[in-house]
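Student: coordinates only, sequence not included:
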């Protein structure tokens, strides 16, 4: 097998604009070029890479996650992301790998998909964070 990288995740949305707002306006993804598929959706980019594909589906499946637990992305500006989540009333869980390792920030998108942002160990803690 010659797997080299993770290419993309695909999520389903019954409200494309709400999903675009969440991932782009709040988290910094960018809408970019997408082939002319016969169904609506977005390709969301990190820099020049389309890493999150969004497909319109209504109704959404009753089973949201199935066996896939979450999707993880490398990110920067931990304090800024936490501030955005707090401002928007989005619940999150922040933890640090034992021994001062990387930061892991978990939250859910508007349709229930679990998202993880990983931050370098050197990132400053967000305001008010107390090490457990």
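Tutor: The structure has been received and is ready for your questions. No experiment lies behind these values; they were computed from the predicted model shown.
Student: Could I get the contacting residues of the nearest residue to residue 61 once chain neighbours are set aside?
Tutor: Nearest residue to residue 61, sequence neighbours excluded (C-beta to C-beta, 6 or more residues apart in numbering): residue 12, at 7.0 Å. Backbone N, C-alpha and C define where each C-beta goes, glycine included. Residue 12 makes contact with 54, 55, 56, 57, 60, 61, 111, according to C-beta atoms under 8 Å, 6 or more residues apart in numbering.
Student: Just the buried residues of those residues.
Tutor: Buried by 16 or more other C-beta atoms under 10 Å: 54, 111, out of these.
Student: what residue ranges in the protein score low on pLDDT?
Tutor: For the chain, the stretches with pLDDT under 70 are 65, 132.
Student: In terms of secondary structure, what does the biggest strand by length in it contact?
Tutor: Longest strand of the chain, by residue count under DSSP state E: strand 49-56. Helices and strands touching strand 49-56, by 3 or more C-beta pairs under 8 Å, 6 or more residues apart in numbering; DSSP states H and E, are strand 9-13, helix 16-20, strand 41-46.
Student: what about the most centrally placed residue in the chain, which helix or strand?
Tutor: Geometric centre of the chain, nearest residue: residue 115, 4.4 Å, by C-alpha atoms, centre = their mean. For residue 115, the enclosing helix or strand under DSSP states H and E is strand 114-119.
Student: Direction included, what does that strand pair up with?
Tutor: strand 71-74 (parallel), strand 103-108 (antiparallel) (DSSP bridges).
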